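# The sequence and its predicted three-dimensional model are supplied below.
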Amino acid sequence: MTLPPLRQLMQDMALALVFFTRLPLPHFNFGTRTLAQAIWAAPLAGIVIALISGVVFAVAGMAGLSPSVAAALALAAAMLATGCLHEDGLSDVADGFGGGKTRERKLDIMRDSRIGAYGAAALIMSVLIRWSALADLGSAGFAFSALVATHVASRALMPALMHLTPPARSDGLAAGAGSVSQETAIVAAAIGAVALLFCLGLSGALVATLLLAMIFSLFRLACLDQIGGHTGDTAGALQQASEIAILVTASAILS
């Protein structure tokens, strides 16, 4: 495989940062690069989010705050950095899959900006589980390792979902993003695997990988069964489920 030029790599990383965060970034010229081509860099955007969240956790600890408060502030910082992009996807998928009776109705509900009972419950449980797992880590060092593994690897499966699953709509974000190649999906997954191994060790990486493989397979089947494919919301929901799995694994391995 021939490596792309450095300029293209930088364009892809900038595009991923612009799309996956709400950070005040300068204007970038992406040329003709599309999100589908650049989405291999989604895990790298996760590094920036993990740094922000980890610094907040460490500063809260140095200020004498308890791990539970530090964990809450760290989660809030990550959600602010991303504009709750993936949380929005999770709530939309929960409402659509849970409240719609037909494929068309499910897709309509997922496009509705209002949140229902399924979406609210999914958000509450997601935040609660992530907060409790992060607080259980205690130290800033363990929390930082867990956050890097989490924010990198949880975004590493989104390209695979887009590659292996057709768009559920002919319009919208998923269709407009374009087709994700196998090579792009493999690169993203490899970055996620390296992060897991480096941050959680061999045993933690193996456990997390098994959980992620199970979540990915079951969620992909659910997307095909419920709406016939993937959307931008389903990518966000997959990220949230993966984030939960990795943080829970980190809590069990590192604490």
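Arrived safely.
# Can you list the low-confidence ranges for the stretch 151-255 of the chain?
In the prediction, the stretch 151-255 of the chain carries residues with pLDDT under 70 at positions 172-177.
# what about the helices in it?
158-164, 173-177, 182-227, 232-254 (DSSP state H, counting those that start in this stretch).
# Generate JSON lines for those, with distance to R111 and mean neighbour count as supplementary columns.
No exception for glycine: its C-beta is placed from N, CA and C like everyone else's. JSON lines is the format used below for those (distance: least, C-beta to C-beta, whole Å; neighbours: other C-beta atoms under 10 Å):
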{"stretch": "helix 158-164", "distance to R111": "19", "mean neighbour count": "23"}
{"stretch": "helix 173-177", "distance to R111": "11", "mean neighbour count": "18"}
{"stretch": "helix 182-227", "distance to R111": "11", "mean neighbour count": "18"}
{"stretch": "helix 232-254", "distance to R111": "9", "mean neighbour count": "25"}
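# What does the pLDDT read for the residue of the chain most remote from its centre?
No residue in the chain sits farther from the centre than G64, which is 30.0 Å out by C-alpha atoms, centre = their mean. On the pLDDT scale, G64 is placed at 95.
# SS state for it?
Assigned state for G64: coil (three-state reduction, DSSP: H, G, I helix; E, B strand; the rest coil).
# Next, the angle from the helix or strand that contains A133 to helix 232-254.
Element membership of A133, judged by DSSP states H and E, is helix 117-137. Counting by axes from the mean of the first three to the mean of the last three C-alpha atoms, to 10 degrees, helix 117-137 lies at 30 degrees to helix 232-254.
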